[in-house]
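# quick one, what's the 3D model for this:
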Amino acid sequence: MRCLPLLPLLLSALPALAQPLPSSPMPARPELLLREAVSGMPRGASQEIQVLTATIAPGQSTVFHTHAFPVTVYVLEGTFTLDLEGRETAVVRAGQAMVEPPHVRMTGHNRSATEPTRVVIVFVADPGTPFLHPVH
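Numbering: from 1, shown residues only. Predicted structure coming up:
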């Protein structure tokens, strides 16, 4: 093995190779906002991903509804309050995320009198599944 004398030299160079060049920017890295084990995800051969945005005006609420599968909500602006039947009310502020459980009756609110609430919603479901089911 003629390469063995070069091995220490190569190993000593690895830390330098791993460092970014002084003139290059640091690589972008994601920040974990939410990690939660959930049940009730779709199990079919394929799933459909829906990414939605919503603006909830000051004092406005969503319809009373359920979801067939878990829904992830990320708050861009304002505060989102979610009343869940039989569970504690959830209050999610800008920069935070939450998972809405499936098959639980709920209503979302913007309780501010002056500021809108803007959210991004991620819904993974069996293809063709409606995002929500209004409860009457």
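
# any chance you could map the helices in this protein?
Ranges of helices within the chain are 7-18, based on DSSP state H.

# what about it, any weak spots by pLDDT?
1-22 (pLDDT under 70).

# 90 instead?
Counting by pLDDT under 90, the chain has low-confidence residues at 1-25, 136.

# which parts of it are strands?
Remark: strands assigned in the chain by DSSP state E are 48-56, 65-66, 71-77, 79-84, 90-93, 97-100, 106-109, 117-125, 133-134.

# would you turn the ones you listed into CSV with distance to Pro42?
(C-beta placed from N, C-alpha, C; glycine too.) Below are the strands of the chain laid out as CSV (distance: least, Cβ to Cβ, whole Å):
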stretch, distance to Pro42
strand 48-56, 8
strand 65-66, 15
strand 71-77, 12
strand 79-84, 21
strand 90-93, 23
strand 97-100, 15
strand 106-109, 20
strand 117-125, 6
strand 133-134, 15
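
# could those be laid out in TSV, adding mean neighbour count and distance to Glu31?
Below are the strands of the chain laid out as TSV (neighbours: other Cβ atoms under 10 Å; distance: least, Cβ to Cβ, whole Å):
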stretch	mean neighbour count	distance to Glu31
strand 48-56	13	18
strand 65-66	16	30
strand 71-77	18	12
strand 79-84	18	20
strand 90-93	16	16
strand 97-100	18	11
strand 106-109	20	24
strand 117-125	19	15
strand 133-134	12	33
